[in-house]
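A.B. asks: from the sequence below, what's the structure:
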Amino acid sequence: MHGKKIRKAQKPLRKLRRYLGKLLKELDPHMEICPQPLIRDMVIGAKPLLQTKEDKNKIYSCREPQVSCIAKCKAHKPYEFGSKANIILTEQKRIVLSMTTHLGNPYDGHLLAQSKRNAEINGRTAIKRILVDRGFRGHEEEDAEVLVSYTKGLSKYFKRT
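C.D. replies: Below you'll find the predicted structure:
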């Protein structure tokens with residue numbers, strides 16, 4: 001947004017805040033008899049309008065309040081909004097052994113041991129070799145051979161897959 005157009009861009013937000021203030025003023029006498037799920041939804045709906053740039057635990061979506069901001073460090077797309085997910089497949093047949101989602105933006109290397117444990121329970125076998133992307137560098141896994149993609153020393157077979 002150009003610097004001189006900031007007021008014009010903030011006008012709809014001020015209008016929504018004014019509507020929200022009027023709505024909360026009208027609902028204030030009836031809050032004691034209001035059901036809990038409705039109050040929770042009202043708080044989720046009001047928070048994006050009242051939060052500031054410096055606030056922690058922001059809500060980015062009213063439909064999915066658990067969504068978080070994930071920095072991607074790429075010029076064309078610096079941020080993504082969503083949740084982190086781990087999917088573990090078998091090497092040969094590509095059968096899914098484990099799928100997990102994680103709230104917030106945890107470091108990938110810390111999630112590797114837990115995901116491997118879940119896959120071993122579901123697959124009923126020990127995992128000897130794991131191929132991961134570069135987000136898992138600095139992992140804490142000693143029981144299996146961990147191959148990081150796009151690094152030197154990988155065979156042609158793993159570079160293809």
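A.B. asks: what domains does the record give for the chain?
C.D. replies: 3-55, 84-160 (automatic domain parsing).
A.B. asks: point out the most buried one among those domains.
C.D. replies: Comparing those by mean neighbour count (mean count of other CB atoms under 10 Å), domain 84-160 ranks first with a mean of 13. C-beta coordinates here come from the backbone N, C-alpha and C atoms, glycine included.
A.B. asks: what mean pLDDT does it get?
C.D. replies: If you average the pLDDT over domain 84-160, you get 84.
A.B. asks: can you check stretch 10-19 too?
C.D. replies: The model assigns stretch 10-19 a mean pLDDT of 86.
A.B. asks: contacts for it?
C.D. replies: 49-50 (CB atoms under 8 Å, 6 or more residues apart in numbering).
A.B. asks: after the lengthiest helix in the chain, which helix or strand is next?
C.D. replies: Assignment by DSSP state H gives helix 6-27 as the longest helix of the chain. Using DSSP states H and E, the helix or strand that follows helix 6-27 in sequence is helix 36-50.
A.B. asks: for the residue most central in space within the chain, which residues are in contact?
C.D. replies: The chain has S83 as the residue nearest its centroid, 2.1 Å off, counting by CA atoms, centre = their mean. The contact partners of S83, by CB under 8 Å, 6+ apart, come to 66-68, 101-103.
A.B. asks: got the angle for the longest helix of the chain vs helix 36-50?
C.D. replies: Per axes from the mean of the first three to the mean of the last three CA atoms, to 10 degrees, the angle that helix 6-27 makes with helix 36-50 is 150 degrees.
A.B. asks: can you pull out the helices in this structure?
C.D. replies: Counting by DSSP H, the segments of the chain that form helices are 6-27, 36-50, 108-123, 156-160.
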